[in-house]
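*Asks:* below are the sequence and a predicted model for it; my questions follow.
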Amino acid sequence: MPTVELMNPKMSHLHPDHEAEQAHIDRAYECLERSKTDAWRIRDLNEASMGGTFQARYERNAFDEQLLARLTQLDLGDAALVFGRIDRAAEGESGLESFHIGRLAVADLDREPVVVDWRAPVAEPFYRATGREPMGLVRRRHFAVEGRMLLGIEDELFGEGHLGVGHDEGLTSVVGREGIRGYSTLLTALSRGRTGQLGDIVATIQAEQDEIIRAPHAGVLVVQGGPGTGKTVVALHRAAYLLYTHRFPLEDQGVLVIGPNRVFLRYIERVLPSLGEAGVEQMVLADLVPGHRVGLRESNETRRVKGDVRMVRVIEHAIRDRQRPLRDDLVIPYGASNLRLRAKESARIVKDARRRYRRHNAACRFVETEVVAAMAATGRNPDVDLEALRDGLRDIPEFRAAITRMWPILTPAELLHDLFGSAALLRLASEGLLTADERDALHRARSSSLGEVVWSEGDVALLDEALAGLGPRPRKSGRINEADEVRSYGHIVIDEVQDLTPMQLRMVSRRSLNGSMTIVGDLAQATGAFAPNDWNDVLRYLPDKREPQVVGLSVGYRIPSQIMELADKVMKEAAPTLRAPTSVRDGEHPPKIVRSSSLLDDVVSSTAEMVANVAGNVAVVCPDQMADAISTQLTAAGLAHGRAGATALDTSLTVVPVSVVKGLELDGVVVVEPAEIVASNQHGLRLLYVALTRSTQRLTVVHSADLPNSMR
């Protein structure tokens, strides 16, 4: 079995190597500080060299950016630098060679490695070696550390008779679960209180997680993982690993992380910087289409229609409906003659523009040029300067009105504002595609100006689809503004992907440069309008340049088995074909069920009890419509707290509407009124399953209405 020294450094029975390992950790920090000092010295010298040619200044600025990036990587904050060691038989000679594994690579003055970066190939056995596949290891050592202080050591021995575990007389032994690497070190990490920010797991990555992190870069990788399996943090570590392994070209191409909401982004924002990767962009979908006010709440039916892939055709038709020949001939007095554009000729111009150009706005200049040329041919001077004639005609309202009718320059917002505000345009664009009720769900009153329009989350993907069909607005010169083009990325990570609609998946795919994506989610937690039953329902809308790979996480690290047992009952009814993850640990407290005759009062008392007994973050997870009332009651009772929408999880007690709780983890959770949670969503049982699986220590359920059958 693994051997672990007693975790209290004040106790007498310390590991025999404790002092030596502490000395190595101290040396590693000294080398790290020397690297920082050297980097600052070089930067000071670089800044002192001012002036010079443009090329010299450019190179100096580029070098300075690299130095700043390096200094950012070297700034660990409170994170531990070193967390383990591997010993393997030295090649071609007797004895062992050892490598200390840590958050980043550190070398001494002779360029000899003091710490090996956890992402380096030599570090792979630290995460992947087993008794049957030792990968050359003789021993694997795990450190329990707080910053620079070594608190404990856990050894795993490999070789004949060991099968991956070791035992030393006189030391405290901890029995690990089969397949779990560094079990007691893992339990120590899991038992720490949450801070409101997701932490990295670089010291405790397990073999099935590491296999995902180090998976090949190309193609779409789907990670199916139940609550507490670490799928989010695994995806973030994978982004850090890919940037380390494929620094060129990924650093230039960019890596994008997409989360379900801003509460979630606040929750995960420190993981990648703690791994030395601060340049990854983290966004919600609305951030991908900037310049629009998003916040409109819509009915379930409207959200469903806007997420349906049929909207691709509706938008295509809406754009085509704005490409119209003239009904009558256009006659404009100009100089000594009348210039004429026949309706038949305008139809020919529209047809040619559709044939020549894939995107609407790119053809605007062509249409105008063809109209000017056709009108010039009807004048008395067929050799007229066309550019001069164009400039002159642009000052004439009738000419501008004709061009606007035939082929207007459009923004996505203008197109959709006109479409949704006109029953006639909606009927024309959706004929044969949507029902009358679905058209009614899309229709809304026009605002007096585009600046007043508030868009919904469902509109964001439609605005992006419209941009794909329209293209950017051309400049006055006729050229397309490249800054308005869609930004693409070398790798994209999507969390909670099971809740994205087909239109949103198309929107994300449009930003993939080469089809390389990591998408993570849990089919059992799917609560969106298009909740998939199979990952193929998602993959059909994602890049298919390479064969996709679907992998699963089977072990739950976060949720105690007693809480998982209750949640599993709900999941078996909500998603009977899926299996819940196996919990790696037992909790100290079973879930507590409180039947209430005075709901708000009992929520307050249960929350106060939870706060008093949990050393960490506590949340009250409730139906969205109850959040205000619960917050008011907590304030009246003197319980200081935050609201998830405003403070994320930055306070020790937070009221979290159930609609934004997905992906979060807390030490203690009070779930309010399960029956209302179920009734609030078409996949309400799955939403309840999400709410019940947020706690790492204690769970209390407070209800006045009868519990769902699966919880009884």
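*Replies:* Received, thanks. Bear in mind that the values here come from a model prediction, so they are computed numbers and not experimental data. Residues are numbered from 1 along each chain as shown.

*Asks:* surely residue 441 meets residue 303?
*Replies:* No. Here residue 441 lies out of contact with residue 303, judged by CB atoms under 8 Å, at a distance of 9.0 Å. The C-beta positions use only the backbone N, C-alpha and C, and glycine is treated the same way.

*Asks:* run a quick neighbour tally on the closest residue to residue 96 other than its chain neighbours.
*Replies:* Closest residue to residue 96 apart from its sequence neighbours, by CB to CB, 6 or more residues apart in numbering: residue 87 at 4.7 Å. Using other CB atoms under 10 Å, residue 87 is surrounded by 19 other residues.

*Asks:* what's the spacing between residue 584 and residue 669?
*Replies:* In this view, residue 584 and residue 669 are 19 Å apart by CB to CB, to the nearest Å.

*Asks:* in terms of neighbours, single out the busier of these two.
*Replies:* residue 669 (29 against 23).

*Asks:* and that one, what does it touch?
*Replies:* Contacts here follow CB atoms under 8 Å, 6 or more residues apart in numbering; on that basis residue 669 touches 610, 618, 619, 620, 621, 691, 694, 695, 698, 699, 700.

*Asks:* of those, just say which sits nearest to residue 349.
*Replies:* Distances from the contacts of residue 669 to residue 349 were compared by CB to CB; the smallest belongs to residue 691, at 58.8 Å.

*Asks:* identify the bridge partners of the residue nearest to residue 96.
*Replies:* Counting by DSSP bridges, residue 87 is bridged to residue 98, residue 139.

*Asks:* ok, it touching residue 136?
*Replies:* No. Here residue 87 lies out of contact with residue 136, judged by CB under 8 Å, at a distance of 9.8 Å.

*Asks:* would you list the contacts of residue 669 in TSV and tack on neighbour count?
*Replies:* What follows is these, written out as TSV (neighbours: other CB atoms under 10 Å):
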residue	neighbour count
610	24
618	28
619	31
620	31
621	28
691	25
694	27
695	32
698	25
699	29
700	23
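
*Asks:* and the residue nearest the centre of this structure?
*Replies:* When CA atoms, centre = their mean is applied to the chain, the residue found nearest the centroid is residue 258 (2.7 Å).

*Asks:* need the pLDDT of the closest residue to that one other than its chain neighbours.
*Replies:* Spatial nearest neighbour of residue 258, excluding adjacent residues (CB to CB, 6+ apart): residue 494 at 4.8 Å. Per-residue confidence (pLDDT) for residue 494: 98.

*Asks:* give me the number of residues near residue 494?
*Replies:* A count of nearby residues for residue 494, using other CB under 10 Å, gives 25.

*Asks:* beta-bridge partners for it, please?
*Replies:* Under the criterion used here (DSSP bridges), residue 494 is bridged to residue 258, residue 519.

*Asks:* surely it touches residue 512?
*Replies:* No. The criterion here is CB under 8 Å, and residue 494 misses it with residue 512 at 10.3 Å.

*Asks:* ok, residue 629 - contacts?
*Replies:* residue 600.

*Asks:* any buried residues in the one helix or strand it maps to, and which?
*Replies:* Using DSSP states H and E, residue 629 sits within helix 627-636. Buried residues in helix 627-636, defined by neighbour count with 16 or more other CB atoms under 10 Å: 627, 630, 631, 633, 634.

*Asks:* now stretch 596-613
*Replies:* Along stretch 596-613, these residues count as buried under the neighbour rule (16+ other CB under 10 Å): 596, 599, 600, 602, 603, 604, 606, 607, 608, 609, 610, 611.

*Asks:* am I right that the last one is in contact with residue 652?
*Replies:* Pointing back at residue 611 there. Yes. Using CB under 8 Å, residue 611 makes contact with residue 652 at a distance of 7.3 Å.

*Asks:* overlap of the contact sets of those two?
*Replies:* residue 618.

*Asks:* in the stretch 401-550 of the chain, which spans are helices?
*Replies:* Assigned by DSSP state H, counting those that start in this stretch, the stretch 401-550 of the chain shows helices spanning 412-420, 423-430, 436-442, 457-470, 502-509, 536-539.

*Asks:* tell me the mean pLDDT for the last one?
*Replies:* Read that as helix 536-539. 96.

*Asks:* pull the longest helix from this protein.
*Replies:* The longest helix of the chain (DSSP state H) is helix 18-48.

*Asks:* what segments of the stretch 51-200 of the chain are strands?
*Replies:* Under the criterion DSSP state E, counting those that start in this stretch, strands of the stretch 51-200 of the chain are mapped to 82-89, 96-102, 106-107, 113-117, 137-146, 149-157.

*Asks:* indicate which one of those strands is closest to residue 36.
*Replies:* Smallest distance to residue 36 across the strands of the stretch 51-200 of the chain (CB to CB): 10.7 Å, for strand 106-107.

*Asks:* how far off centre is that closest one?
*Replies:* Computed by CA atoms, centre = their mean, to the nearest Å, the chain-centroid distance of strand 106-107 equals 32 Å.

*Asks:* and for residue 534, the neighbour number?
*Replies:* Count around residue 534 with other CB under 10 Å applied: 10.

*Asks:* give me the number of residues near the closest residue to it other than its chain neighbours?
*Replies:* Closest residue to residue 534 apart from its sequence neighbours, by CB to CB, 6+ apart: residue 523 at 7.7 Å. Neighbour count of residue 523, defined by other CB under 10 Å: 19.

*Asks:* distance of residue 523 relative to residue 551?
*Replies:* Relative to residue 551, residue 523 is positioned 14 Å away (CB to CB).

*Asks:* so what sits against both of those two?
*Replies:* By CB under 8 Å, 6+ apart, the residues touching both residue 523 and residue 551 are residue 224.

*Asks:* roughly how far does residue 328 sit from residue 644?
*Replies:* From residue 328 across to residue 644, the span is 59 Å (CB to CB).

*Asks:* next one: residue 565
*Replies:* Applying CB to CB to residue 565 and residue 644 gives a distance of 27 Å.

*Asks:* compare the two (neighbour count), which wins?
*Replies:* For residue 565 versus residue 644, the count of surrounding residues by other CB under 10 Å is larger for residue 644: 27 against 14.

*Asks:* nearest residue to the more buried one in space, please, no chain neighbours.
*Replies:* The spatially closest residue to residue 644, leaving aside those adjacent along the chain, is residue 656, at 4.3 Å (CB to CB, 6+ apart).
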